[in-house]
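Engineer: model this:
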Amino acid sequence: MTTRSSGISADSPLASLRHYIPAAVWGVVILVLLAIPFRIISYGYLPGDDALRHAAKAVSGKSWSELLVLSPVYQIDHEFGWDLLLEKIHLGWNTSAESLVILSVVALFLLVSGTVLPWLRRPEAWLITVLAAVIVSDLPCRFLLGRPYLITLAALLTLLLMWQRFGSAPPKKWMLLLATALFALSTFFHGVWYLWALLLAAFGLAGEFRWAIRLGGCWVAGVFIGSALTGHPLGYPWQALKLAFLAVGLHATPRTMATELQPFAGDFLALILLGGLVLVRHLARLNTVPLTKNPAFWLVCLGWGLGFKVGRFWEDWGWPALMVLMTVDLQALLQVRFAPDSFRRLALALGLAAATFLAVTNDLHSRWTGTLSDRYLTPDNSDLAGWMPETGGIFYTADMTLFYQTFFKNPTGDWRYQLGFEPAWMPREDFEVYHSVLWNFGDLKSYDPWVKKMRPADRLALRGTRNAPPVLSPLEWQYSGGGIWVGRLPRPVTPAIPPLAPH
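Structural biologist: Okay, the predicted model is just below:
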């Protein structure tokens, strides 16, 4: 492989500066990756889902069984390590729920990028990949959700890039130790240990049987270590499997599942990117591993195919593997086209940094500011005096967003939530009510089983317009703003005491 010269004479005054160009490129890439999450946070951005409930749980100091009405299957915190870490941060620094969310967003984005860069010789290749991905997909925006799945993603990128860097020679001892540690951390913090079978299958399909077998041993050891750290070396991984089967097995159709568990449409633009990668390989005659012998390529194929069943197979496994393929091939192309100390390389890095920063941080369709206008159910809302759940009460809703928002703003509320972050983990009879609500497109009649068992301390929250309170007997309703109605059982009327007759 040959590298084009910088085109600058050794006698040129600029020649003495060429020595600093590689470091300057690294500095540009690192600075823009640092700037991206802080710019997005400056909008007031907060994710709309799991990052909120993880932070609120840390502040609450309670277990999920004390916060949610749960199926007996759920006994151990599903993301044990992440919730424990946030709780320790809260206790150590008295960190608020909002600060914990901001910390999660920034730290996990930097973790993903910080995982990629050490394996690269041309870090600007990662900027090209992120730029292309954000143009055709929202995947880089998922890197800013502040959720512990990003720890698993960072581990996946590390293992794929480690193989890309060192080739198909048998893995060395330090590689196996690193892999074991990554599997353990992923299990401890995220809990979804079983999906690593996809990576092992990808290595097998690529013909890398030595890697597949040895990584399989690391996987078994890592899952045991990560589970042992929770105090439940067998119960933790077994519960994870049972919860996974509940999450996808109770729904009659995908329509009532969480959005990310629904099938995807094929992501045609991503396939075009893959086709473009094949074309670049051919035209530039890159000295790279053939796709059919590359585990990342087979993980792309597995993620894409399984995505027609559950979209997260593509988003969390297929797309990241495609990003690895793109980054490695683009690095090879850059090494051919640009000398390491070329001013053209520095100019390209500066242009890529500016374009990537603008592409990721722009507020397209209010993706970073969409939650700023949200209205929350909080006791300090004068319209809700007496309308929040009371001590020992249950907050009923079929709207998962209302759970996330209400729990986030009321982490120390002395009540439980009927619907939490996964509807299939409710008691079976309550899941059937939830399923009926979604199946019947919110028909109020579907709420009857919940209304019949409500107590005076309980509340039911629904979406609706200001001038149209829900007609759901026998509840009385209060509008809280933001399109949210709160219902409760009627308060008993205290009979008026007649005045005493004069003597």
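Engineer: Trp82 contacts His54, correct?
Structural biologist: Yes - Trp82 is in contact with His54 according to C-beta atoms under 8 Å; the separation is 6.2 Å. Any C-beta I mention is one placed from the backbone N, CA and C, and that applies to glycine too.
Engineer: Can you work out which residues contact both of those two?
Structural biologist: Shared between the contact lists of Trp82 and His54 (criterion: C-beta atoms under 8 Å, 6 or more residues apart in numbering) are residues Pro148.
Engineer: got the residue ranges for the helices in the stretch 201-350 of the chain?
Structural biologist: 209-229, 235-249, 268-284, 295-307, 312-313, 319-337, 343-361 (DSSP state H, counting those that start in this stretch).
Engineer: Reformat the ones you listed as a markdown table; add distance to Ser168, mean pLDDT and mean neighbour count.
Structural biologist: Listed next are the helices of the stretch 201-350 of the chain as a markdown table, based on distance: least, C-beta to C-beta, whole Å; pLDDT from 0 to 100; neighbours: other C-beta atoms under 10 Å:
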| stretch | distance to Ser168 | mean pLDDT | mean neighbour count |
| --- | --- | --- | --- |
| helix 209-229 | 7 | 97 | 19 |
| helix 235-249 | 30 | 93 | 16 |
| helix 268-284 | 18 | 91 | 14 |
| helix 295-307 | 9 | 97 | 23 |
| helix 312-313 | 25 | 94 | 22 |
| helix 319-337 | 14 | 95 | 23 |
| helix 343-361 | 29 | 97 | 18 |
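Engineer: Ala125 is nearest to which of those?
Structural biologist: The minimum distance between Ala125 and these falls on helix 319-337, with 4.1 Å, by C-beta to C-beta.
Engineer: other SSEs contacting the closest one?
Structural biologist: Here helix 319-337 touches helix 124-136, helix 139-142, helix 149-166, helix 268-284, helix 295-307, going by 3 or more C-beta pairs under 8 Å, 6 or more residues apart in numbering; DSSP states H and E.
Engineer: now that helix and helix 149-166, what's the angle there?
Structural biologist: Angle between the axes of helix 319-337 and helix 149-166 is 40 degrees (criterion: axes from the mean of the first three to the mean of the last three C-alpha atoms, to 10 degrees).
Engineer: tally of neighbours for His232?
Structural biologist: Neighbour count of His232, defined by other C-beta atoms under 10 Å: 16.
Engineer: quick one: contacts for it?
Structural biologist: His232 neighbours (C-beta under 8 Å, 6+ apart): Ile76, Gln239.
Engineer: quick one: pLDDT of it?
Structural biologist: Predicted confidence (pLDDT) for His232: 97.
Engineer: and it, backbone torsions?
Structural biologist: Per-residue torsions, His232: phi -140, psi 70 (degrees, to the nearest 10).
Engineer: pLDDT wise, what is Thr3 at?
Structural biologist: For Thr3, the predicted pLDDT is 53.
Engineer: returning to that earlier point: indicate which one of the helices of the stretch 201-350 of the chain is closest to Gly44.
Structural biologist: Comparing the helices of the stretch 201-350 of the chain by C-beta to C-beta, helix 343-361 comes nearest, at 13.3 Å.
Engineer: what about the helices of the stretch 201-350 of the chain, which gets the closest to Arg121?
Structural biologist: helix 319-337 (6.4 Å).
Engineer: can you list the domains in the protein?
Structural biologist: In terms of domains, the chain is parsed into 34-366, 382-488 (source: automatic domain parsing).
Engineer: before we move on, the earlier item: closest to Phe245 out of the helices and strands packed on helix 319-337?
Structural biologist: Of the helices and strands packed on helix 319-337, nearest to Phe245 by C-beta to C-beta is helix 295-307, at 15.9 Å.
Engineer: Thanks a lot, catch you later.
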